[in-house]
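Novice: sharing a model that was predicted from the sequence below.
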Amino acid sequence: MLIYAVWTIAFVILAKQIIKANENHPAVVNSIKHLTLYRYLTYWPAVTVQVALQILSLLFFPAGNLILITLQIITSAIFSNKESDKITGP
């Protein structure tokens with residue numbers, strides 16, 4: 001859980017830094033902001049529910065946390081488009 005949380009935080013920080021560095025390139029900024037994974041991870045109600053479920057799972061059903069993390073990884077893979085590791089722009 002800790003590794004996935006660190007990866008998530010690092011992804012959001014990196015994406016925000018790329019957006020900040022490319023403010024004068026709207027195509028790059030829009031490309032990143034329209035990534036499904038970025039939109040999900042920056043939508044605080046969804047992240048709040050996710051964190052609450054993980055904490056409850058960890059407290060009451062520790063094996064459930066493995067299930068939740070597996071579902072998160074699968075969901076990330078499904079909703080990431082094949083160009084998600086490439087930035088188009090200038």
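Specialist: Received it, and whenever you're ready, just let me know what you need. Numbers count the residues shown, from 1 in each chain.
Novice: what is the burial count for residue 31?
Specialist: Neighbourhood size, residue 31 [other CB atoms under 10 Å]: 20. For every residue, glycine as well, the C-beta is placed using N, CA and C.
Novice: so who does residue 8 touch?
Specialist: The contact partners of residue 8, taken as CB atoms under 8 Å, 6 or more residues apart in numbering, are residue 41.
Novice: recalculate using a threshold of 10 Å.
Specialist: 37, 41, 47, 50, 72, 76 (CB atoms under 10 Å, 6 or more residues apart in numbering).
Novice: relative to residue 51, how far out is it?
Specialist: For residue 8, the distance to residue 51 (CB to CB, to the nearest Å) stands at 10 Å.
Novice: do the same with residue 38
Specialist: Shown here: residue 38 relative to residue 51, a distance of 18 Å by CB to CB.
Novice: residue 13 now?
Specialist: 17 Å.
Novice: ok now the lengthiest helix in the chain, how far from the chain's centre?
Specialist: Across the chain, the longest stretch assigned as helix under DSSP state H is helix 2-21. Remark: helix 2-21 is offset 8 Å from the chain centroid, using CA atoms, centre = their mean, to the nearest Å.
Novice: CA atoms only: put whichever helix or strand comes after that helix into PDB for me.
Specialist: As assigned by DSSP states H and E, the chain's next helix or strand after helix 2-21 is helix 26-33. C-alpha atoms of helix 26-33 as PDB (Å, rounded to 0.1, in the frame of the first residue of the first chain):
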ATOM      1  CA  PRO A  26      -1.200  24.700 -24.300                       C
ATOM      2  CA  ALA A  27      -1.200  21.500 -26.300                       C
ATOM      3  CA  VAL A  28       1.100  19.800 -23.700                       C
ATOM      4  CA  VAL A  29      -0.900  21.100 -20.800                       C
ATOM      5  CA  ASN A  30      -4.200  19.900 -22.300                       C
ATOM      6  CA  SER A  31      -2.600  16.500 -23.200                       C
ATOM      7  CA  ILE A  32      -1.700  15.900 -19.500                       C
ATOM      8  CA  LYS A  33      -4.900  17.400 -18.100                       C
END
